[in-house]
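Colleague: predicted model follows, preceded by the sequence.
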Amino acid sequence: MTFSFDLTGKTALVTGANTGLGQGIAVALAQAGAAIVAVGRSNMDETERLCREAGAAFHSVQADLSSLDPIERIVTEASTLSGRIDILVNNAGIIRRADAIEFTEKDWDDVMNVNLKSTFFLSQAVARTMIADERGGKIINIASLLSFQGGIRIPSYTASKSGLAGLTRLLACEWASKGINVNAIAPGYFVTNNTEALRNDPKRSSEILGRIPAGRWGDPADLGGAAVFLASTAADYIHGIVLPVDGGWLAR
Ligand code: NAP
């Protein structure tokens, strides 16, 4: 075998790593041997404890990704703290729920800024470093089932995640020859803050659960295998995919 899932010696920058899927991904990458740089606006203590328990080096960078202001600083600080960035996981994201007929410009812009605009420009900034030293790397975008489906009452979220699937393919095409693998993971319905409103609505919650062939909501740890795989040399010839991790939802 010429490939490995071992990430020892690699540094992974994970946005929105304080909670939810970002935390699950950071811990999985740490368990596979990567040093973690957790980027976000909230306290990272819990993620730090979990990553250190896995034996990984851990650093955090405070940044609010609702604007592009911190992008260059994130890359500089991460490189100073942990050396080269080998893996970037664009996980930070928000959702706003309202009927399309009354959806506001603010709810459109806020979601697009975090989910799509900052994701693109952070990817650009990190890719510049990966290209400059000619060692390539891995970029993993956290997409959604709304990269494939329409959904209801989340117009800017669906637009951002559908856009992110397209952006994943474009960046894969531009950067594959530079040794950078750009791929995405599309989580199904996971138990995190993002889905709290859905889980608190008994009707929507049981409708969703009834459609998941696996018969349960996802746990953040369920994303770990896909993240480690796409971050590893086992995925060196994989470019531009959007990999569903959804308990079979899309197969239905
Ligand atoms: P979550 O618990 O709400 O986590 C979202 C993360 O993004 C948090 O760490 C949050 O930080 C961070 N974030 C939001 N706005 C930010 C900003 N302006 N600057 C920096 N960080 C910011 O929800 P989640 O489910 O884990 O979501 C993670 C990703 O998975 C998102 O991209 C989401 O769209 C995607 N996703 C989730 C599901 C699901 O079922 N849960 C399904 C498909 C896709 P704070 O805690 O500080 O707000």
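Modeller: It's in. Numbers count the residues shown, from 1 in each chain.
Colleague: centre-most residue in this structure?
Modeller: Among the residues of the chain, the smallest C-alpha distance to the mean C-alpha position (Cα atoms, centre = their mean) belongs to N91, namely 2.7 Å.
Colleague: got the contact list for that residue?
Modeller: With contacts taken as Cβ atoms under 8 Å, 6 or more residues apart in numbering, N91 has the following neighbours: V14, T15, G16, A17, L21, G22, I25, I142. For the C-beta atoms, the positions are set from N, CA and C on the backbone; glycine is no exception.
Colleague: what's the pLDDT at it?
Modeller: On pLDDT, N91 comes in at 98.
Colleague: F3 too?
Modeller: Note on F3: pLDDT of 71.
Colleague: not counting its neighbours along the chain, what's nearest it?
Modeller: Computed as Cβ to Cβ, 6 or more residues apart in numbering, the closest residue to F3 that is not its neighbour in sequence is A234, at 4.2 Å.
Colleague: check contacts around the one you found.
Modeller: Taking Cβ under 8 Å, 6+ apart as the definition, contacts of A234 comprise F3, S4, F5.
Colleague: in CSV: those, plus neighbour count, distance to K117 and secondary structure.
Modeller: Output for the contacts of A234, formatted as CSV (neighbours: other Cβ atoms under 10 Å; distance: Cβ to Cβ, whole Å; DSSP: H, G, I helix; E, B strand; the rest coil):
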residue, neighbour count, distance to K117, secondary structure
F3, 12, 34, coil
S4, 12, 35, coil
F5, 14, 32, coil
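Colleague: thanks again, I'm all set now.
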